[in-house]
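> let's see this in three dimensions:
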Amino acid sequence: MSTPILLPVIIVLLLIVLVAVPIAIYNRLVALRNRFRNAFAQIDVQLKRRYDLIPNLVETAKAYLKHERETLEGVIRARNQAQQAERQAARDPGDPESMKKLMGAEQGLSGALGRLFALSENYPDLKANQNMMQLTEELSSTENKIAFARQSFNDAVMHYNTGREKFPNIIFANMFGFREAQLFEIETAEERQAPKVSF
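Numbering: from 1, shown residues only. Reported below is the predicted structural model:
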């Protein structure tokens with residue numbers, strides 16, 4: 001090839017690379033973001049199941065815990081706060097503030113459930129109630145599913161954040177508005193233990 005022909009070919013190839021690289025990076029980041037959003041959707045399903053079980057659990061316990069109204073109301077209040085935080089986080093699971101609010105609300109709900117279960121230990125008839133045993137079994141199963149979904153979500157967020165932070169991805173990630181995603185972490189040692197739901 002002669003020099004006059006070689007120069008335009010090199011320029012065209014360079015332009016193709018300059019266009020293809022950002023497109024490839026953008027598409028990769030979109031795929032990674034969609035993966036962690038889907039992983040959060042799995043948490044969302046389990047949290048909604050948990051939120052649906054709690055009112056039934058409280059109604060069953062209400063008949064036995066007549067003098068423990070404050071505890072029962074605390075569980076419902078914590079459930080409603082967690083449910084509201086979950087809805088907000090579901091809109092944008094990558095938003096660090098929404099995820100922090102959800103983690104805090106979930107921590108409060110776990111504490112309220114823990115108090116309910118500790119209190120119910122003092123009521124043998126409640127522990128023996130068939131409906132209560134079934135609800136606690138379902139809640140325990142749901143807690144396990146939440147833990148698994150949380151792990152999957154955190155793995156997806158880690159892959160996304162790692163892909164976002166690599167060079168030259170970080171340049172394009174900032175240009176295209178791909179911000180860092182927040183892990184769904186457990187903040188306190190008490191929260192690291194699932195609520196005890198054995199009866």
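
> identify the residues contacting the closest residue to residue 120 other than its chain neighbours.
Counting by Cβ to Cβ, 6 or more residues apart in numbering, residue 120 lies nearest to residue 126, which is 5.2 Å off, once chain neighbours are set aside. Where C-beta positions appear, they are placed from N, C-alpha and C, glycine not excepted. When the contact criterion is Cβ atoms under 8 Å, 6 or more residues apart in numbering, the partners of residue 126 are 60, 61, 64, 65, 120, 132, 199.

> and the pLDDT for residue 165?
As summarised for this prediction, residue 165 has a pLDDT of 93.

> got the confidence number for residue 2?
Reading off the confidence values, residue 2 has pLDDT 63.

> which one's the longest helix in the protein?
Within the chain, and with DSSP state H defining each element, the longest helix by residue count is helix 3-62.

> ok, then the element right after the lowest-mean-pLDDT helix or strand in the chain?
Confidence across the helices and strands of the chain bottoms out at helix 124-128, with a mean of 76, counting by mean pLDDT, DSSP states H and E. Taking DSSP states H and E as the definition, the helix or strand that follows helix 124-128 towards the C-terminus is helix 130-165.

> what's that following helix packed up against?
Identification of packing neighbours for helix 130-165 by 3 or more Cβ pairs under 8 Å, 6 or more residues apart in numbering; DSSP states H and E yields helix 3-62, helix 96-120, helix 169-176.

> pull out the buried positions in it.
132-133, 135-136, 138-140, 142-143, 145-146, 149-150, 152-154, 156-157, 159-161, 163-164 (16 or more other Cβ atoms under 10 Å).

> do the same with stretch 179-187
Residues 181, 182, 183, 184, 186 are the ones in stretch 179-187 that count as buried (16+ other Cβ under 10 Å).

> out of those, who's nearest residue 77?
For the buried residues of stretch 179-187, the residue nearest residue 77 by Cβ to Cβ is residue 186; the value is 21.4 Å.

> cool, thanks, signing off.
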